[in-house]
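**Q** from the sequence below, what's the structure:
(one chain, ligands or ions: 1)
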Amino acid sequence: MILSPLTRMSVRTRDLNRHVRHVGALNSCFDDSYKEELILKSSSTDIFQNLALEDWIHDHVDLQSRRILFLWRNAPVVVIGRHQNPWQECNLDLMRRTGIPVARRRSGGGTVYHDLGNINMTFFSSKKKYDRMRNLGVVTRALKELRPNLDVCVTDRFDIILNRCYKVSGTAARLGRTTAYHHCTLLCSSDRSILSSVLKSSCTGIKSNATPSVPSPVANLSDHDPTLNPESIMDAIASGYNKEFDLDCPVLTVDPGSEVLIPGIHKMTSDLKDWDWVYGKTPKFSVCTFFMVENTNVGLEMDIKNGVVESCVINVPHDWLPADFVNEFCSSLTGVRFCPNEFAVAVAAFIRTTPSSPKRTQNALSLYESIVSLM
Ligand SMILES: Nc1ncnc2c1ncn2[C@@H]1O[C@H](COP(=O)(O)OC(=O)CCCC[C@@H]2CCSS2)[C@@H](O)[C@H]1O
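**A** This next block holds a predicted model:
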């Protein structure tokens, strides 16, 4: 198509105006007066900041007559659902050793692993317009546009599967009174061996009513085509979103660490990092297990409420540790958070204050080490 100089100029002016409008939008996109649809991409790979921005948009932005798509990725992290038990869902011991944190999101559902090879998408809308199938259709069509031979489809539990059996996307949602968000993952090039090793619990004998995850065989989209990468997939999803909802939004980069742009975000971020949220929100559970300590059979029964030991019973042969000593040991653990650091402090205090022989002290320490390996 050949454009006249006048038309070329007006196209340029239009683009410039659009650009200015969108730079303005970035500064004011969360103002009450700004009512347009948005596609946002996070500049942060911090799970807590990104989850906080989701919550902030959900709580503060009027979504009655506008949609927002938020695209984000995270450094390695395990993300559990609102009503889950981290001790039951992941290998916390391995995660501590490798520096992989656990985060609890506000939506329900199961546990997933994120790293930079995994894309997350959050589709915000009014509750009336909330439509997971439509959103996932945007994702599968965008992928097929990129690679027409890709065999991806959506299951009745809103997973996206590759080649009819490998999960590449999991979905969860948060429904408010009038607004909602649907968010999902997309595995492009994640580390699958880390994914499977961190999603194996190191704690045996947990009894709880917490939501269990539904494990599936997983794949990366890059298994189909190694040239597929998260950046090009995010671009394709943004275009597909514009097409589906008849929009013309550019992708705006947003910094969820900016208190100026997003007042109150720092507090929301630190609330999500708080032990009382990540671990303390775990539905009440018990640990009922047997293990060997230095050729001695040990039985352990603990009730844990809000992440804190509510009761503790340990059964060991009396010639290995006398009953009153074990009872004292159990009392010292009651009221303590079910985590290695707090157990260490409690057991150190117990040993300091309880008269005992070196052998008993040694056995109490071995007991402590075995219990901590369950956490
Ligand atoms: N990143 C990722 N993507 C897809 N599937 C995964 C992933 N990590 C693990 N899994 C597999 O899903 C099951 C759990 O499936 P399940 O169906 O139990 O849970 C989910 O899918 C939850 C999805 C949450 C999406 C949110 C979006 C933004 S923050 S997290 C797990 O045991 C693995 O087999």
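**Q** look up how far residue 144 lies from residue 236.
**A** 10 Å (Cβ to Cβ, to the nearest Å). For every residue, glycine as well, the C-beta is placed using N, CA and C.
**Q** between those two, which is the more surrounded one?
**A** Comparing residue 236 with residue 144 by other Cβ atoms under 10 Å, the one with more neighbours is residue 236, at 20 against 15.
**Q** and the residue lying closest to the more buried one once chain neighbours are set aside, how far from residue 367?
**A** Leaving aside its chain neighbours, residue 236 sits nearest to residue 142 (4.1 Å; criterion: Cβ to Cβ, 6 or more residues apart in numbering). Computed with Cβ to Cβ, the distance linking residue 142 and residue 367 is 55 Å.
**Q** ok now the strand or helix carrying the residue nearest to residue 236, how far from the chain's centre?
**A** Element membership of residue 142 [criterion: DSSP states H and E] is helix 132-146. Helix 132-146 sits 22 Å away from the centroid of its parent chain (Cα atoms, centre = their mean, to the nearest Å).
**Q** show me what that helix is packed up against.
**A** Judged by 3 or more Cβ pairs under 8 Å, 6 or more residues apart in numbering; DSSP states H and E, helix 132-146 is in contact with strand 118-126, strand 152-154, strand 160-162, strand 171-175, strand 179-187, helix 230-244.
**Q** apply 10 Å and report the result again.
**A** strand 118-126, strand 152-154, strand 160-162, strand 166-169, strand 171-175, strand 179-187, helix 221-224, helix 230-244 (3 or more Cβ pairs under 10 Å, 6 or more residues apart in numbering; DSSP states H and E).
**Q** turn the ones you listed into TSV, including mean pLDDT and distance to the ligand.
**A** Below are these laid out as TSV (pLDDT from 0 to 100; distance: least, Cβ to the nearest ligand atom, whole Å):
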stretch	mean pLDDT	distance to the ligand
strand 118-126	98	4
strand 152-154	98	12
strand 160-162	98	8
strand 166-169	98	5
strand 171-175	97	4
strand 179-187	97	4
helix 221-224	94	11
helix 230-244	98	12
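**Q** out of those, which gets nearest to residue 296?
**A** strand 166-169 (42.9 Å; Cβ to Cβ).
**Q** and stretch 144-152, what's buried?
**A** 146, 147, 150, 152 (16 or more other Cβ atoms under 10 Å).
**Q** run through the residues that contact the closest residue to the third one other than its chain neighbours.
**A** On the basis of Cβ to Cβ, 6+ apart, the spatially nearest residue to residue 150 that is not a chain neighbour turns out to be residue 143, at 5.3 Å. If you count contacts by Cβ atoms under 10 Å, 6 or more residues apart in numbering, residue 143 has them with 150-152, 160, 162, 168-169, 186, 188, 221, 224, 228, 233, 236-237, 240.
**Q** name the element the residue nearest the centre of the chain belongs to?
**A** The residue lying closest to the centre of the chain (Cα atoms, centre = their mean) is residue 79, at 2.3 Å. Using DSSP H and E, residue 79 sits within strand 77-80.
**Q** got the CA positions of that strand in CSV?
**A** The C-alpha coordinates for strand 77-80 follow below in CSV (Å, rounded to 0.1, in the frame of the first residue of the first chain):
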residue,chain,number,x,y,z
VAL,A,77,9.7,-20.8,43.7
VAL,A,78,7.0,-23.3,44.7
VAL,A,79,3.5,-21.7,44.8
ILE,A,80,0.9,-23.4,46.9
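**Q** check which helices and strands the helix or strand just after that strand sits against.
**A** Once the chain leaves strand 77-80, the next helix or strand it forms, by DSSP H and E, is helix 86-89. Helix 86-89 is packed against strand 77-80, strand 102-104, strand 206-208, strand 285-293, with contacts defined by 3+ Cβ pairs under 10 Å, 6+ apart.
**Q** quick check: next helix or strand after helix 86-89?
**A** helix 92-98.
**Q** partners of the closest residue to residue 208 other than its chain neighbours in the sheet?
**A** Closest residue to residue 208 apart from its sequence neighbours, by Cβ to Cβ, 6+ apart: residue 285 at 3.4 Å. Counting by DSSP bridges, residue 285 is bridged to residue 208, residue 304.
**Q** from the ligand, how far out is residue 285?
**A** Residue 285 is 18 Å from the ligand, where distance means Cβ to the nearest ligand atom, to the nearest Å.
**Q** what's near enough to touch that residue?
**A** Going by Cβ under 10 Å, 6+ apart, residue 285 touches 85, 87-88, 203, 206-210, 302-305, 307, 338.
**Q** how about 7 Å then?
**A** Residue 285 sits next to 85, 206, 207, 208, 210, 304 when contact means Cβ atoms under 7 Å, 6 or more residues apart in numbering.
**Q** give me the number of residues near the residue nearest to the second one when sequence neighbours are not counted?
**A** Okay, so that is residue 206. Leaving out its chain neighbours, the residue that sits closest to residue 206 by Cβ to Cβ, 6+ apart is residue 88, at 4.7 Å. By other Cβ under 10 Å, 20 other residues sit near residue 88.
**Q** do the same with residue 157
**A** Count around residue 157 with other Cβ under 10 Å applied: 11.
**Q** tell me, please, where in this protein the pLDDT is lower than the cut-off.
**A** 1-29, 31-34 (pLDDT under 70).
**Q** interface residues of it facing the ligand?
**A** For the chain, the residues in contact with the ligand (Cβ under 6 Å from any ligand atom) are 79, 105, 109-114, 118, 120, 167, 169-172, 183-185, 187, 195, 199, 213-216, 218.
**Q** give me the buried subset of these.
**A** Buried by 16+ other Cβ under 10 Å: 79, 105, 109-114, 118, 120, 167, 169-172, 183-185, 187, 195, 199, 213, 216, 218, out of the residues of the chain next to the ligand.
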